[in-house]
Every structure is written in C-alpha cells, then in structure tokens.
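Chemist: Could you work out the structure for the sequence below:
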Amino acid sequence: MDYDIAVIGGGPGGYVAAIRAARLGAKVVLLEKDALGGTCLNRGCIPTKTLIASAGRLRALKNCREFGLKAENIGFDFAAVMARKNSVVSQLRAGTANLVKAGGVEFINAAARLLPDKTIAAKFPDGRDTISAGRIIIAAGSKVFLPPIDGSGLPGVTGSDELLEIDNLPESMTIIGGGVVGMEFAGIFQAFGCQVTVVEMLPNILDRMDKDIIARLSLSLRKQGVKLLTAARVKSIARKTPALSVTVENSQGEQEILCERVLFSAGRVPAADGLGMEEAGVAFDRRGVSVNERLETNVAGIYAVGDVTGRSMLAHAASAAGAIAAENACGQANAMDFDNIPACVFTAPEAAGVGLTEQDARREARDVLVSKFNFAGNGKAAADGETDGFVKLLADGKTHAVLGMHIMGPHAGDIIMEGALAIKNRLTAEQLAHTIHPHPTFSETVMECAHGIFGEPIHQIKIGRK
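Modeler: Numbers count the residues shown, from 1 in each chain. Next up, the predicted model:
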C-alpha cells in the first residue's frame, strides 16, 4: 500500500479532508486535475464575492450624498475590477497550496480514476500509472448543468465559469435560473449598469428559502432594476444581429428578450462520471454518490464528500464533510449533520437561512411560533443606512426551542450563525433573548426577534408573532 488515504479532488471538501487526515497521522496524497481550491475558490464563492465587494462599494459611492458626502465623476474600470478578482483568487490559491504542503500532504496535479481494490490510476510524477491506498475519499465536486435549449451553443451564451473571465461589461444580460448563483450575478451586473433579466422556471426565485425572505428580496431586487420572470420557461435562443433573442413562455404566452449575453445558471450536477465508479463498485446515480451518515459509500473504506454526493452543494458543507470523512477514515465514527447547514445569498441586501422554513412547518403541520423583527428598528442599521430587511425566527410552540432562522438584511451571512448555533445546541428563544448582545450591532436584531417568541421586542411596536 502506497498511502493510508488518497483524496480525489482538491476543492473545499478535498483539501480539508487531506489536511485533517494528515494531522491525524495518516500518509495522504491529494489528487486534483485542475487548480487547488476547486469551484469555490477558482470559479465560484471567492471570485463572485470579490466582484460583489466591488459592486457594493460602487453602490455606496453613488449613495454617498445621503451621508453628507460628495464624490465627483463616480465610475468604474471593469477591467480593473476583474483584475482584482483574479488577484484575490491567485492569492488564496497560493495560500491553499501552502496549507496543503505545510500539512504534510503530497499534492499531485493530475486527473484520477478509480480502479478495483482501492487502486487509483493517474499520471504520477515518478512515472507510475497507479497507486494504492488503504482508504479513499472522493471529493470530485460538481459541474454546471446546461439544459437542452436550442441555441445554447451560440457565441455570447455561457455558463458562470466563462462569465467570470469576460473583459467587457455587457449592456444587457438574460440569466436563466433564479437560484443562488443566478441572483448573485444579477446583483453584480445590475450594480455596474447592465440591464438584467432573470428567467426562473419555478414560481419563485431562491425557491428553497423561507417564503417571506423570497417575497421581500424579490421586491428589493425589482426596485433596484432587476427584472424577474418567474414561472417562465426558456424555449430557445437565437442570434438576432447584433443581439441574442431569448424566447420565453409563461402563463401570458410567449415573449422575446433581446440581450447582449445569456448566462446559464440553472444549477449544478455532481461530477461523478468519468471517475471509474463502476470499476470500483461505488454506487451512484444522476443525483450523486450515495453515502451514509458517516459519509462512507457502499464500498467499505471509500468515502465521498461535497457536491459529488448531491447532498448539500455548499462549500462550507463540503469542508465540514471533508473533515468528518477524514476522521472516520482514520478510525473515528462521526456523523455528518445535513439538517443544520446555513445557506447564504450575497445579494444586496444579503439573505440567509438555517433550519426549518415556515412553509416546511406548515406542510408538516408543526406547532411553531413565528417572530419577526425589522432592521428598521435597529440602531446600527439606521446609522449605516441599511434598514431594508428583517430577522425571522421559528420556535417550537411548546418548548420554544429554536427550529429555524431566516434573515434578509445587512450582514445576514454573518448573523445567521446565531441561528445555526441555537439549533445545534437546542437553545430556546428565551436563551437567545437573555444573552446580552453588544450595542449598537446588527446582532441585536436576533435578540429582539427572540423576545417576540414569548413576549414583546423592545424596539418594535407591532410584531409578526403567530
């Protein structure tokens, strides 16, 4: 046996698994066919958040008069914006490489394929064609889903990977898919002056989020100038020089959208094909690789984490799973908690949620109490000029245990951790409310909202308690 553990895929699930296993004393090899960091670092989370940061500063400059400030000739250099994005990605990629090396992991930049008996085929630097490992962790990630639409191969029709490499800002864009990726790109390009239309086949954008968050965020985005077409299907894309013509059908019939660029953002699918799953006997289907709560596949000693399992396609979920799989591959017996994973959307304002949504609670006939607190009643939000949004808390009707938290507003992605901690540790609304929160901070909205479960918030006259 050449290695104790071999990890296939160097994204946030794979490199975390490799480092964790090495720190537990295992001899580890990490194989990645592309760049370290996977989709998240190179083509997803980090580049988009870097662009969102630039877009946010541009919005702040345009609104500076409301803070008593003056700025002349407000504008932007799109090429410089993209260059900064590339610089941040390169910096973090180099940092990841240093972490892997310092962690005692052997990194091999090569495509890997599973063979029987925990053997892996690849082009290794020392000339070998195969290696063997005691345990294997599959962290191959996901790929963009491209729906079969006529005209999808036309120039100007791209996925998110290609969009992140463009040099010039398009004047108009149609985004097919109103999920997290689609809505973040919509916010980015709208901020830079691009006319954005989002076409979503489902009745709502961000359909898995709480219904009140969806409704409020949809309204906010429309006010910003993003056009949302929901319950609509794209029939075809055609070239109508010099524009692209997108034919969309909904309950009102067909309509044509003319735009300079089309973005496919209809989701991602597990990248399980081409890995030799069949030869190794690992069970998988179009939904991904099947794993149990300890992230082990049907083949003993072979684990799978992250997007390739199709369980929760989020970078932080992949990293958590990577660490757990590594621990289990090293002899522990830990379970992955798939029910308490926060989800964030970095629109403006941000949205985030964790745990039970209200529509889930009603569908399951759960006895729940619901409280809402508006950011308009928060001192820090007023001082910062970011009062659009609210915190929503769901608690058990009898015990008041926190079951779900949903936020639309400033720094929602940071504040949502209070909800995740509360659910993980079975805290009650009273425990949240009676924990002293610093003033003035956005976090006080959580404290006030928690008061609404069993009483009245101090800084809100009328509460949304059911």
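
Chemist: quick one: the strands in the stretch 201-350 of the chain?
Modeler: Under the criterion DSSP state E, counting those that start in this stretch, the stretch 201-350 of the chain carries strands at the ranges 227-229, 233-240, 243-250, 253-259, 261-264, 268-270, 284-285, 288-289, 302-304, 343-345, 350-355.

Chemist: right, and the ones you listed - which one's nearest residue 337?
Modeler: Closest approach to residue 337 among the strands of the stretch 201-350 of the chain is made by strand 350-355 (11.3 Å; Cβ to Cβ). C-beta coordinates here come from the backbone N, C-alpha and C atoms, glycine included.

Chemist: Against which helices or strands is the closest one packed?
Modeler: Contacting strand 350-355 under the criterion 3 or more Cβ pairs under 8 Å, 6 or more residues apart in numbering; DSSP states H and E are the following elements: helix 211-224, strand 343-345, strand 402-409, helix 412-415, helix 417-424.

Chemist: out of these, deepest packed?
Modeler: Among the helices and strands packed on strand 350-355, judged by mean count of other Cβ atoms under 10 Å, the one packed with the most neighbours on average is strand 402-409 (a mean of 28).

Chemist: on that earlier part again, is it possible to get TSV of the strands of the stretch 201-350 of the chain that adds distance to residue 71?
Modeler: Shown next, in TSV, are the strands of the stretch 201-350 of the chain (distance: least, Cβ to Cβ, whole Å):
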stretch	distance to residue 71
strand 227-229	28
strand 233-240	39
strand 243-250	34
strand 253-259	31
strand 261-264	29
strand 268-270	39
strand 284-285	54
strand 288-289	49
strand 302-304	51
strand 343-345	29
strand 350-355	24
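
Chemist: which one of those strands has the most crowded surroundings?
Modeler: strand 302-304 (a mean of 28).

Chemist: what pLDDT, on average, does it get?
Modeler: Across strand 302-304, the average pLDDT comes to 98.

Chemist: ok, now stretch 440-447?
Modeler: The average pLDDT for stretch 440-447 rounds to 98.

Chemist: Off-centre distance for it?
Modeler: Relative to the centre of its chain, stretch 440-447 is centred 24 Å away, using Cα atoms, centre = their mean, to the nearest Å.

Chemist: And the pLDDT for the residue nearest to residue 30 when sequence neighbours are not counted?
Modeler: The shortest distance from residue 30 to any non-neighbouring residue, by Cβ to Cβ, 6 or more residues apart in numbering, is to residue 18 (4.2 Å). pLDDT, residue 18: 98.

Chemist: How about residue 226?
Modeler: As predicted, residue 226 sits at a pLDDT of 98.

Chemist: That one touches residue 188, doesn't it?
Modeler: No: here residue 226 lies out of contact with residue 188, judged by Cβ atoms under 8 Å, at a distance of 10.7 Å.

Chemist: These two - which one has more neighbours?
Modeler: residue 188 (25 against 22; other Cβ atoms under 10 Å).

Chemist: circling back to that earlier point, in JSON lines: the helices and strands packed on strand 350-355, plus distance to residue 243.
Modeler: Converted to JSON lines, the helices and strands packed on strand 350-355 look like this (distance: least, Cβ to Cβ, whole Å):
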{"stretch": "helix 211-224", "distance to residue 243": "23"}
{"stretch": "strand 343-345", "distance to residue 243": "29"}
{"stretch": "strand 402-409", "distance to residue 243": "34"}
{"stretch": "helix 412-415", "distance to residue 243": "36"}
{"stretch": "helix 417-424", "distance to residue 243": "44"}
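
Chemist: so who does the closest residue to residue 45 other than its chain neighbours touch?
Modeler: Closest residue to residue 45 apart from its sequence neighbours, by Cβ to Cβ, 6+ apart: residue 315 at 5.3 Å. Taking Cβ atoms under 8 Å, 6 or more residues apart in numbering, we find residue 315 in contact with 11-12, 40, 44-45.

Chemist: Report the contact partners of residue 274.
Modeler: Residue 274 makes contact with residue 113, according to Cβ under 8 Å, 6+ apart.

Chemist: Could you report the separation of it from residue 308?
Modeler: Distance check for residue 274 against residue 308: by Cβ to Cβ, to the nearest Å, it reads 12 Å.

Chemist: same question, residue 129
Modeler: Residue 129 is 24 Å from residue 308, by Cβ to Cβ.

Chemist: rounded to a whole number, what's the mean pLDDT of stretch 211-218?
Modeler: 97.

Chemist: who touches it?
Modeler: 204-207, 228, 345, 347, 349, 351, 353, 357-359, 372, 389-390, 392, 406-408.

Chemist: Next up, phi/psi of residue 181, please.
Modeler: For residue 181, the backbone dihedrals (degrees, to the nearest 10) come out as phi -60, psi -50.

Chemist: List the contacts of the residue nearest to it when sequence neighbours are not counted.
Modeler: Once flanking residues are discounted, residue 181 sits nearest to residue 265: 4.8 Å by Cβ to Cβ, 6+ apart. Residues in contact with residue 265 (Cβ under 8 Å, 6+ apart) are 159-160, 175-177, 179, 181-182, 185.

Chemist: go again using 7 Å as the cut-off
Modeler: Contacts for residue 265 (Cβ atoms under 7 Å, 6 or more residues apart in numbering) come out as 160, 175-177, 179, 181-182, 185.

Chemist: Select from those the one having the most neighbours.
Modeler: residue 175 (30 neighbours).

Chemist: mind listing what that residue touches?
Modeler: Shown in contact with residue 175 (Cβ under 7 Å, 6+ apart): 182, 185-186, 196, 198, 263, 265.

Chemist: so is it in a helix, a strand, or just coil?
Modeler: Per DSSP: H, G, I helix; E, B strand; the rest coil, the secondary structure class of residue 175 is strand.

Chemist: Now do it, the pLDDT please.
Modeler: 98.

Chemist: Doesn't residue 456 belong to a strand?
Modeler: No: counting by three-state DSSP, residue 456 is located in no strand; its state is coil.

Chemist: what's around residue 32, how many residues?
Modeler: Neighbour count of residue 32, defined by other Cβ under 10 Å: 26.

Chemist: Excluding covalently adjacent residues, which one is nearest to it?
Modeler: Using Cβ to Cβ, 6+ apart, the nearest residue to residue 32 is residue 10, at 3.1 Å.

Chemist: Same check on residue 376?
Modeler: Spatial nearest neighbour of residue 376, excluding adjacent residues (Cβ to Cβ, 6+ apart): residue 387 at 4.4 Å.

Chemist: I'd like the distance between that neighbour and residue 380.
Modeler: For residue 387, the distance to residue 380 - Cβ to Cβ - is 10 Å.

Chemist: Break the protein down into its domains, please.
Modeler: Per automatic domain parsing, the domain ranges recorded for the chain read 3-144+269-329, 157-266, 349-454.

Chemist: Would you convert the ones you listed into TSV that also reports distance to residue 341?
Modeler: Shown next, in TSV, are the domains of the chain (distance: least, Cβ to Cβ, whole Å):
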stretch	distance to residue 341
domain 3-144+269-329	5
domain 157-266	12
domain 349-454	7
